[in-house]
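**Student:** Provided below for reference: sequence and predicted model.
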Amino acid sequence: MFFLLSVPAATLPVLLAVFVIWWLDRYDREPLWMMLIALGWGATFAIGLGILGTHILVAIFVDSSFTAAETTVAQAVYLAPFVEEITKIMIFGLLFWLKDFDNATDGFVYGATVALGFAMTENFLYFNNPAFYSDADGWVSLVLMRNFFTGPMHMVATATLGACIGHVKYTRNWLLFFCLPMVGFFVALGIHVSWNNFMISYAQGGGEYLFPLAILCLFCEILVAFAVFMASVHFEGRTLLRELTEEAGLGIIPQAHAGVLASFFKRRGVVWAQGVRDVAEYVKAATTLAFRKQQWRNSSEDTQKELDKDIQKLRETLRELNGGSGRRAPNQQAQGYPQQGYPQQGYPQQGYPPQGYPPQGYYPHPGYPPQGFQNPYGNPPRQY
């Protein structure tokens, strides 16, 4: 009976949480196929490698001199969190090379999704293990405990690390590039270790106060993570407004569209988009253009050359979708236009036009205009 109930009990809360996180990413939502890959990684490879890696470390560091309680603490509090945070984040080795993975918001979304996939499989294993409950009431308590507390703990920990990785995707600061992900890893590890330590200590009779203290700490961590996530989403909106206002100044989009496209609620309407052929595609192209320009500002020169092509192509797409009403995008870089050194020094050249130009007798030549010619505009032809 518990096996059949464990499937929806483990999957439905996770799928709901993934959908909410995806929906809150208002401006540049991640492709669903990539979300499914991240969820699948957490539910299969991450937890499988986590179990294997934990057993290997237990065999290395835990010997026969450890008591049962000490073995539990070493495995659950220290070794398992260390291995699991590494296996969950391994998917970012693939995500990091995607052009659309470009900021802290994306890192938060993918980190949370991977962690929720991990929690889904782990919960299913717990829900089907009679060692963790003795009756139906115990099973229900376990389901509530893991879905409302342990799952969110995994989500907050790995989402924090993912946000740090996403933040440094496009940066020229190499110290930040290497240090911030390390800081994120230790923060994630601290969240994971502290929760497991509270739970193990409480289960071993460490004190009744440990459970409410653990819940309070986790609640505060969730609030902070949510606030940081929403601040990152708000920053995306400001990025859209800044970059698209610049595009409106170049004539790529109408001036009125810049403010609408930077507002999640305003751009959901259609009244503002009169004359636009495909509103959904127009919004997508404008959003992508804004983030490509943001990437350009924080990239190396080689990456900027690649992004320039995308920027020009997106500008042409916007112009076509808007019925060709915008000016054709100038052949320019996204930032730093006019380019430094243009117009180049010494232009026009000294001595140009040359002395004696136009030559004597050059048009209008002597005898022109002919006698009797009447200028229809009332002014005589200009004399040289």
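**Tutor:** Arrived safely.
**Student:** can you list the residues that contact stretch 91-109?
**Tutor:** Contacting residues not belonging to stretch 91-109 are listed as 21-22, 25, 28, 30-31, 34-35, 37-38, 41-42, 46, 110-111, 114, 159-160, 162-167, 169-170, 225, 228-229, 232-233, 236, 291, 294-295, 310 [Cβ atoms under 8 Å, 6 or more residues apart in numbering]. Where C-beta positions appear, they are placed from N, C-alpha and C, glycine not excepted.
**Student:** Generate a PyMOL selection restricted to the buried subset of those.
**Tutor:** Command for PyMOL that selects the buried part of the contacts of stretch 91-109, burial taken from 16 or more other Cβ atoms under 10 Å:
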select buried, resi 21+25+28+30+34+35+37+38+41+42+46+110+111+114+159+160+162+163+164+165+166+167+169+170+225+228+229+232+233+236+291+294+295+310
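**Student:** Which ones among the contacts of stretch 91-109 lie within helices?
**Tutor:** Using DSSP state H, the members of those that fall within helices are 21-22, 34-35, 37-38, 41, 110-111, 114, 159-160, 162-167, 225, 228-229, 232-233, 236, 291, 294-295, 310.
**Student:** My read is that residue 232 contacts residue 164, right?
**Tutor:** No. If you go by Cβ atoms under 8 Å, residue 232 and residue 164 don't touch, sitting 11.5 Å apart.
**Student:** Quick one: the strands in the stretch 101-250 of the chain, in order.
**Tutor:** For the stretch 101-250 of the chain, no strands are identified by DSSP state E, counting those that start in this stretch.
**Student:** Below-threshold pLDDT in the stretch 1-150 of the chain: ranges please.
**Tutor:** Applying pLDDT under 70 to the stretch 1-150 of the chain flags residues 1.
**Student:** quick one: the helices in it?
**Tutor:** 2-24, 32-41, 47-61, 68-73, 80-89, 92-95, 104-127, 136-145 (DSSP state H, counting those that start in this stretch).
**Student:** what packs against the second one?
**Tutor:** In terms of contact count using 3 or more Cβ pairs under 8 Å, 6 or more residues apart in numbering; DSSP states H and E, helix 32-41 is assigned the packing partners helix 2-24, helix 104-127.
**Student:** from the chain's centre, how far out does that helix sit?
**Tutor:** Its chain's average C-alpha position is 15 Å from that of helix 32-41, according to Cα atoms, centre = their mean, to the nearest Å.
**Student:** Now do the domain split for this protein, please.
**Tutor:** 2-206, 239-321 (automatic domain parsing).
**Student:** Span of the last one from start to end?
**Tutor:** Read that as domain 239-321. Terminal residues of domain 239-321 lie 22 Å apart, using Cα to Cα, to the nearest Å.
**Student:** now it, how far from the centre of its chain.
**Tutor:** With Cα atoms, centre = their mean as the basis, domain 239-321 stands 17 Å off its chain's centre.
**Student:** Would you mind checking the average pLDDT for it?
**Tutor:** For domain 239-321, mean pLDDT is 93.
**Student:** Residue 31 versus the residue sitting nearest the centre point of the chain, what's the distance?
**Tutor:** Compute the mean C-alpha point of the chain, and by Cα atoms, centre = their mean the closest residue is residue 106, 2.4 Å away. Distance, residue 106 to residue 31, using Cβ to Cβ, to the nearest Å: 11 Å.
**Student:** And residue 207, by the same measure?
**Tutor:** 47 Å.
**Student:** And residue 74, by the same measure?
**Tutor:** With Cβ to Cβ as the criterion, residue 74 and residue 31 are 41 Å apart.
**Student:** Residue 276: neighbour count?
**Tutor:** By other Cβ atoms under 10 Å, the residues close to residue 276 number 20.
**Student:** ok, now which ones touch the nearest residue to it once chain neighbours are set aside?
**Tutor:** Counting by Cβ to Cβ, 6 or more residues apart in numbering, the nearest residue to residue 276 once its immediate chain neighbours are dropped is residue 282, at 4.9 Å. Residues near residue 282 by Cβ under 8 Å, 6+ apart: 273, 276, 318, 321-322.
**Student:** again with residue 183
**Tutor:** Contacts of residue 183 (Cβ under 8 Å, 6+ apart): residue 164.
**Student:** Repeat that for residue 198.
**Tutor:** 210-211, 213-214, 217.
**Student:** Tell me how far it lies from residue 74.
**Tutor:** As judged by Cβ to Cβ, residue 198 and residue 74 stand 16 Å apart.
**Student:** Likewise for residue 195?
**Tutor:** For residue 195 relative to residue 74 (Cβ to Cβ), the value is 16 Å.
**Student:** Between those two, which has more neighbouring residues?
**Tutor:** residue 195 (24 against 16).
**Student:** how much space between that one and residue 58?
**Tutor:** Going from residue 195 to residue 58 by Cβ to Cβ gives 20 Å.
**Student:** swap in residue 286?
**Tutor:** Residue 286 is 53 Å from residue 58, by Cβ to Cβ.
**Student:** now residue 149
**Tutor:** Residue 149 is 25 Å from residue 58, by Cβ to Cβ.
**Student:** isn't residue 307 right up against residue 298?
**Tutor:** No. Residue 307 is not in contact with residue 298 according to Cβ under 8 Å; the separation is 10.4 Å.
**Student:** So between the two, which is more surrounded?
**Tutor:** Higher neighbour count among residue 307 and residue 298: residue 307, with 21 against 16, using other Cβ under 10 Å.
**Student:** Three-state assignment for the residue nearest to residue 276, please.
**Tutor:** Assigned with DSSP: H, G, I helix; E, B strand; the rest coil, residue 282 falls in the helix class.
**Student:** what's the answer for residue 275, then?
**Tutor:** Relying on three-state DSSP, one would call residue 275 coil.
**Student:** excluding its backbone neighbours, what's nearest it?
**Tutor:** Nearest one to residue 275, counting by Cβ to Cβ, 6+ apart, is residue 323 at 5.0 Å.
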